[in-house]
Structures are given as structure tokens and as C-alpha cells.
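Chemist: 3D, please:
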Amino acid sequence: MRNSCPDRGSGGTLGETELLRAVPARGHGERRTDVLREAGLLGTFPEERFDRIVRLAARLTGVPMAMINLVGEQQWTRASHGIDGGVTPLVDSICRHAVDQGSRLEVPDLRRDDRFVENRFVTGSPGVRFYAAETLQVAGEPVGTLCVLDTRPRELSRDQHEVLGELAAWAEAELNNKALNDAAREAQQSDALTRAILQSAGDGIVASGPDGSVLLVNQAAADMLGWSPADLEGRTLHEVAHHTRPDGTTYPVTECPSHRAIDEGLSLPPHEDLFWRRTGEALPIEMTVTCLEDVTGHGGAVSVFRDISGRREVQRLKDEFVGVVSHELRTPLTSIVGSLKLLHAEVAAPLDERQRPLVDMALRNAQRLGTLVDDILDMDRLDAGRMPLRAVVVDAVDLARGVVEQLQGTAALEQAELVLDAPATGLLVRADPARLTQAVTNLVGNALKFTTGGRVRVGARRAGPEVRIEVADTGVGIAPEDIPLLFERFRQVGGADSGPRKGTGLGLAITKAIVEQSGGRIEVVSAVGEGSVFTVVLPAAEPGTAPKGGRDA
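Modeler: Reported below is the predicted structural model:
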């Protein structure tokens, strides 16, 4: 593929010299750029196959610098040794002279050649004095050079020229391997995309090798820890940020999540932990660690973490709020409700027609506020695990019957029919009776709110290894898009915002938490205008256990 060209050195007639001094016509640059683009060679990303060639070229010709440059509408450095590469305008390119003449070019002293005496690489850093290049062709078009450079004048021997020619032939063969060029370009683009994603991520991402040393770290991780990415690479995440426990004692490396992931082949789910910034300040985090496996089974780990200082502050404020609710609202509310009940019962004095509606309204709203306080406290206890569920074996039929009997008065007020549809007994589940009653009561009470003049059926039945407690109504129903929102806190859908039916918006969230902590789930089926069915699904208890006074789980 390479043409046999005479060794022209730096000589030539005046006309030739003037021609080489000029920047090539734009058409030449465009044509070469098109050839490079078609071959998949545009760009300056590094590749070992070219880096190896320039290292050998510098060593075998005894010079400190060597490059592979591609020349089109500008110059792109494809590989360099001993000198920084990049993108160079044609006016500053030495290699474009060799490409224009299409043959070997050697200049023993660039300062003594009119073409290069004012070149910025000669007058400035790195102060190049000697240059020798072999041209490289792609698809028969001269598009680049393999060149060697020195900061002192010199000449290559015949053997060195032959070596440079052989290396240029190697480089030219690599440049014309389109399949490999395309694969390298795709790999480079994929790597660039991966790095762009990593750098744009808000979470800290650290990839560690088999020995735990950091191979890659994104800017978010470096910023959170107070280091630069370069400072972190080559060190271990444990050494830098995970060395000490919150109480000040040393954190053993054998217990570090990232090292456990590597040594034991574990992938650890999200968990809270503590890192230390470069300044010594504590950094509360939530972290996930994923094990990377290679052919040996232990290839490293990827740690993803985020700063949860804000979350901790929100939790602190929430705890303060719950404390205020518990101590500053609940006690006076109890007194207010008690006093209003006495007034309502006319213990102190009879109420006339003007006073009774006011007392009724005050009592109703005080009770509603009391319910909200209780719901907030229940939700907080469930979240924090401070509401232990004492699971015993209970009969789901007896529990459902008790709820139906308890809410018959509410059903009468709603002019709704409330019925039990279940076998006489024998549907055993393991749950906290009081909390499961609370959950089912929430569902039945909610159904009654939206079934005025209709029918609410509470059923219980066995379905394989599960017991299903169903609350079905003929009420207004729920739109499909609202069903996923039902169990969100303070969320009310399906008309619950209107008039006196408005509740706290916590009942269904509490119900879901109780059922899930009991090992079950809630299913919802509904259609607007046709009604809804809420089903509590719990594992059936072992047959033969006693339903009354059962045992703790």
C-alpha cells in the first residue's frame, strides 16, 4: 500500500519550497478529512496499537519524541510519545508539509529552514529542532505521518530511516484496517458515553479493583468526600473515607462493605453508613455495593452512595414535631374532648336549641383532631419500628364479625347496609388482633363513607395457603389512575376531599403498613360508579392451633 518515494530530505527548488510553505488549498483538506472520516479515523482518542508504534519509533531512532499525526482540514494527533498531542491548526502543522509532498521529509535543523523558522513548536515549547517523517496513506491518499522529533539538530542514519519506514508501514496497515477502526471508534464512543453518564450522576460512584483500590471515581463522589478524582484513584475507599466508626473506633477493613463485596462475592442492598470527608467531617450516606465478577469470581466492586445529611435533618425535625404532637397536643385534646362530652351529655346543665349544634360541632371536630393526632403517632411508630406487632393466632371470621358489629351505627348514619359474608369460624391467621382490627376497621369505615344508601360486604375466605378478608362496596368507585395513589400519606382520592367526609389521609397508609408488617398485602379492584373491593391477604396459620389466647409469634 505504501508508495516507494525517493529520500528528498529538506532540499528542493525555490518553487517547490514556496509551494510547501503555503497552507494547502481547502479542497485538499476537505478531501483528506473525508477519507479519514470514511475510515473511522477522525479524532484524538488514544489506542495502544498506535502508542506502541511511536514508543518503538522514538527508542529505535534515539530521539525523545515521536508522533502519528493525521492531516485534513486540521491536524489530529493519533499517538504521541514525549510530547503532548491534540488538535493543531494547519498553519502550525509541520506534518502537513510531508503530507502535501507525499513522501519522506527530514529537516536536520528547523531553525535554518524558512518554512519552519517561525513555527510555534520551534519558537516555543517544546523547542523542536529536528524533524523526520514518513507519510502514511489511507485508501491511496496521503493523510498523515509517523514522525520523530528532537530538541537538537541531527540526522537519521540509513538504518534508522529503514526502521522508521518499517514502522510507518505497520502504522499504515493499522490505519487501513477499517473493521478495527470502526470497533475502536465504537469502543471509544461507548467509553465516552459511560464516563459522561458517570460524571453527570448526582450520586457518588466508585469502582474498585480486586485489591480494593479505586479504578474510577466520578466527580460527585470526589466532591462529597472533598478530594479530587486523581487523589482517590489508586487508593482504597475504606482507607480514604470509611476508616472510623461513628464512636471513633477503628472500622476493620474486613467489615467494610466494598471489601466484603470483593472478598465474599456479595452485592449489598441500600443501607445507611458513615463516610468521612477529607476535612474530618462526618458524612452520613446511603450506599449500595455491587460485586463485579471476572473469570476468577472476584473482579472488584462498584459502590454507589448519596449524602443523606438533608434526610437526617428532616428526620430530626419530624421527631421534634411528633414530640410536640404527643406531649403538647394530645393531653389538652383529651381534656377538651372529655369536657365536650360532659356538655353534650348535659351533665352540667341542659342545652337549648342554639347551644346543642355548637357543642356537637365542637365535639365532632375535637374528636377528628384527636384521630389525626393518633394517626400521626401511629404512622411514626410504624415507620420507626416502635410499634411492635404481637402476633398471635386469631380467627379472621371472629375479627371481621367484631368490626361489622362495631360499625353498624356508622352504617346506619350513612343509610348503608353492612353485612358479614363468611363461614362460621376456622379461618386462622397470625397477626396482632388489635392492629389487624384497626386495619380492617379503616377499610370498612372508608367504604361506608362512599356508599351512602348502598351496601358494604365484609367477607372472609381461604384461598390456598392464604386467608383473604374482603371489604366490598357498591359506592362511587375509584378511577384507575387514582388507585396507585390510595396508600400515599395525606392523599385523598375518589371524592374524599368533599364536605364532611374528609378524613386525615393517613388511614389507608397505616392500614397498608400494618398489613405488610404482618406479612401480608392489600389488593384493590375498583371501577368508577360500580364500587370497590379492598382485600387484606394474609398467610393462613398452621392448622390445629387454637384461635383464642393464642401464642406470640
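
Chemist: Any idea which residue is closest to the centre of this structure?
Modeler: residue 203 (6.3 Å; Cα atoms, centre = their mean).

Chemist: Just to check, that residue is in contact with residue 307?
Modeler: No: using Cβ atoms under 8 Å, residue 203 is not in contact with residue 307; the gap is 9.0 Å. C-beta coordinates here come from the backbone N, C-alpha and C atoms, glycine included.

Chemist: Please report how far residue 211 lies from residue 230.
Modeler: 19 Å (Cβ to Cβ, to the nearest Å).

Chemist: Which parts of the stretch 151-300 of the chain are helices?
Modeler: 158-175, 178-200, 219-225, 229-232, 237-241, 257-264 (DSSP state H, counting those that start in this stretch).

Chemist: ditto for the stretch 301-450 of the chain
Modeler: Using DSSP H, counting those that start in this stretch, helices in the stretch 301-450 of the chain cover 309-324, 330-344, 355-384, 396-406, 408-413, 433-449.

Chemist: of all those, which lies closest to residue 481?
Modeler: When those are compared by Cβ to Cβ, helix 433-449 sits nearest residue 481, at 18.8 Å.

Chemist: Now do whichever helix or strand comes after that closest one: which elements does it pack against?
Modeler: From helix 433-449 onward toward the C-terminus, using DSSP states H and E, the following helix or strand is strand 455-463. Judged by 3 or more Cβ pairs under 8 Å, 6 or more residues apart in numbering; DSSP states H and E, the packing partners of strand 455-463 are helix 396-406, strand 417-421, helix 433-449, strand 466-473.

Chemist: So what's the gap between strand 455-463 and the chain middle?
Modeler: 43 Å (Cα atoms, centre = their mean, to the nearest Å).

Chemist: try stretch 97-113
Modeler: Worked out by Cα atoms, centre = their mean, stretch 97-113 lies 53 Å from the chain centre.

Chemist: Give me the mean pLDDT for it.
Modeler: The average pLDDT for stretch 97-113 rounds to 95.

Chemist: Same question for stretch 235-252.
Modeler: Here the average pLDDT along stretch 235-252 is 90.

Chemist: Pull the residues that contact that stretch.
Modeler: 206, 208, 211-214, 225, 227, 232, 253, 256, 258-259, 273-277, 282-283, 303 (Cβ atoms under 8 Å, 6 or more residues apart in numbering).

Chemist: and that stretch, how far from the chain's centre?
Modeler: 24 Å.

Chemist: and if you look at stretch 260-273?
Modeler: For stretch 260-273, the distance to the chain centre is 17 Å (Cα atoms, centre = their mean).

Chemist: and what of stretch 328-342?
Modeler: On Cα atoms, centre = their mean, the centre of stretch 328-342 falls 48 Å from that of its chain.

Chemist: Stretch 461-468 too?
Modeler: Using Cα atoms, centre = their mean, the offset of stretch 461-468 from its chain centre is 39 Å.

Chemist: residues of it that come out buried?
Modeler: Buried residues in stretch 461-468, counting neighbours by 16 or more other Cβ atoms under 10 Å, are found at 461, 467, 468.

Chemist: now residue 275: how far from residue 260?
Modeler: 16 Å.

Chemist: same question, residue 211
Modeler: Taking Cβ to Cβ, one finds residue 211 at 14 Å from residue 260.

Chemist: More neighbours: the two, which one.
Modeler: Between residue 211 and residue 260, counted using other Cβ atoms under 10 Å, residue 260 has the larger neighbour count: 17 against 10.

Chemist: can you pull the contacts of that one?
Modeler: Counting by Cβ under 8 Å, 6+ apart, residue 260 has contacts 254, 266, 268, 289.

Chemist: Flag the least confident of those residues.
Modeler: Lowest confidence among these: residue 266, with 78.

Chemist: tally of neighbours for that one?
Modeler: Residue 266 - counted by other Cβ under 10 Å - has 13 other residues nearby.

Chemist: do residue 530 as well
Modeler: Count around residue 530 with other Cβ under 10 Å applied: 11.

Chemist: Confirm for me that residue 99 is in contact with residue 71.
Modeler: Yes: contact criterion Cβ under 8 Å: residue 99 and residue 71 qualify, at 4.5 Å.
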